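# sequence and predicted structure are below.
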Amino acid sequence: MTTRRRFLAISAAAATFPSIGSAAPVYTWQGVALGARATLRLAHTDAKAISKRVAAEISRLEDIFSLYRPDSSLMRLNHTGRLDAPPFELLECLSLAGAVHKASDGRFDPTVQPLWACYAEASALGQAPESDVLGVALSHAGWARVRFDAAAIEIDPDMALTLNGIAQGYIADCVARMLEAEGLTNILIDTGEFRAVGSHPDGRAWPVKLSAGGEVPLITRALATSAPLGTTFDADGQVGHILDPHTGLPSPALWREISVSAGSAALADALSTAACLCESRNGVEQLTGQFVDARIEAALFI
């Protein structure tokens with residue numbers, strides 16, 4: 001199975017950041033966020049110390065959102081169906097997920113995790129999921145059955161959430177807020193999705209190159225890219241990872257990739273994911289048009 005995280009790493013590697021007359025060299029830190037390569041670029045005398053604080057913040061947030069850390073907040077919720085006194089970050093992320101779910105007519109739905117698990121388990125055996133198994137998993141999906149407030153988050157038995165279509169962007173936003181609170185600027189954060197805090201140190205925009213071609217200049221803005229075939233479950237690379245919560249089937253492979261920019265990386269992340277389930281550019285435009293700060297940077301058909 002080609003992993004989505006591998007695709008994101010390739011996409012991130014396709015971005016270049018030339019030193020175009022900056023007064024100080026740009027320092028680059030690399031780490032990992034939710035399995036994807038994370039990068040921080042800045043020009044500052046305390047760049048290494050700042051990077052250590054960023055790494056610590058990413059690790060703290062992984063303790064909330066990771067599906068690979070067994071004691072993360074999300075894993076405990078999925079295991080027990082209830083999480084008391086949930087972290088603010090998880091509540092905030094779920095609130096935004098709910099807004100995008102509504103705006104996308106249910107295309108964006110974090111309750112598809114049981115479906116994703118079906119495809120992943122079958123893929124490991126070199127098979128496609130059995131239709132009856134998929135039907136059971138589909139019956140366990142449904143955003144309307146996710147209940148949350150400051151006291152607790154609850155989901156129905158046999159449900160499970162994945163925030164992989166929004167949490168990487170959300171982590172970039174959290175890192176940006178932390179750095180802005182310290183009075184820092186001229187920084188580019190890449191957690192699989194991009195978030196610029198200010199401009200490049202030379203005063204120009206950060207020039208982010210898309211893997212499919214083209215460039216998006218970022219100043220105090222975020223960019224996210226999704227591709228239906230960025231992760232595939234089959235040897236031929238035709239069964240994509242973005243699943244339709246209405247049918248349980250992978251999104252039709254209409255799009256090569258879709259890139260969305262917004263003031264929030266979490267919003268851009270969720271919208272680019274949901275947009276891959278739209279059947280036309282007009283549908284993508286209608287979706288992003290519901291958020292005043294969002295716009296399509298690229299929507300490329302296969």
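Now that the structure is in, tell me what you want to look at.
# what number of residues lie near residue 109?
Neighbours of residue 109 under the rule other Cβ atoms under 10 Å: 27. C-beta: built from backbone N, CA, C; applies to glycine.
# quick one: the helices in the stretch 51-200 of the chain?
Per DSSP state H, counting those that start in this stretch, the stretch 51-200 of the chain carries helices over the ranges 73-80, 88-103, 113-124, 131-139, 167-181.
# just the stretch 201-302 of the chain next, same as before
Under DSSP H, counting those that start in this stretch, the stretch 201-302 of the chain gives helices at 265-275, 281-288.
# how close does residue 239 sit to residue 215?
31 Å (Cβ to Cβ, to the nearest Å).
# sorry, wrong one. I was asking about residue 67.
Residue 67 is 32 Å from residue 215, by Cβ to Cβ.
# just to revisit the earlier point, buried deepest among the helices of the stretch 51-200 of the chain, which one?
Comparing the helices of the stretch 51-200 of the chain by mean neighbour count (mean count of other Cβ atoms under 10 Å), helix 167-181 comes out on top with a mean of 23.
# relative to helix 73-80, how tilted is that one?
140 degrees (axes from the mean of the first three to the mean of the last three Cα atoms, to 10 degrees).
# hey, C-alpha coordinates of helix 167-181 in CSV?
Listed next in CSV are the C-alpha coordinates belonging to helix 167-181 (Å, rounded to 0.1, in the frame of the first residue of the first chain):
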residue,chain,number,x,y,z
ALA,A,167,-5.0,17.4,12.3
GLN,A,168,-1.8,17.9,10.3
GLY,A,169,-3.1,21.3,9.4
TYR,A,170,-4.3,21.9,12.9
ILE,A,171,-0.9,21.1,14.3
ALA,A,172,0.7,23.7,11.9
ASP,A,173,-1.8,26.2,13.2
CYS,A,174,-0.9,25.5,16.8
VAL,A,175,2.8,25.8,16.2
ALA,A,176,2.1,29.1,14.4
ARG,A,177,0.1,30.5,17.3
MET,A,178,2.9,29.5,19.7
LEU,A,179,5.5,31.2,17.7
GLU,A,180,3.4,34.3,17.1
ALA,A,181,2.8,34.5,20.9
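# quick one: average pLDDT of it?
The average pLDDT for helix 167-181 rounds to 98.
# kindly report the same for stretch 56-70.
pLDDT averaged over stretch 56-70 gives 98.
# so which of residue 239 and residue 215 has more stuff around it?
Using other Cβ under 10 Å as the criterion, residue 239 and residue 215 rank with residue 239 on top: 21 against 13.
# look up how far residue 253 lies from that one.
Residue 239 is 9 Å from residue 253, by Cβ to Cβ.
# and what of residue 284?
When residue 284 is compared with residue 253 (using Cβ to Cβ), they lie 15 Å apart.
# looking at the two, which is more packed in?
A side-by-side neighbour count of residue 284 and residue 253, using other Cβ under 10 Å, places residue 284 first with 22 against 18.
# that one against residue 274, yeah?
No - applying Cβ atoms under 8 Å as the test, residue 284 and residue 274 come out as separate, 9.0 Å apart.
# residues in a beta bridge with the residue nearest to residue 197 when sequence neighbours are not counted, which ones?
For residue 197, ignoring the flanking residues on the chain, the nearest one in space by Cβ to Cβ, 6 or more residues apart in numbering is residue 187 at 4.3 Å. Beta bridges link residue 187 to residue 42, residue 197, judged by DSSP bridges.
# right, and residue 187 touches residue 41 too?
Yes - look at residue 187 against residue 41 with Cβ under 8 Å: they come within range, at 6.8 Å.
# neighbour count: the two, which is higher?
Taking neighbours as other Cβ under 10 Å, residue 187 and residue 41 compare with residue 187 leading, 26 against 21.
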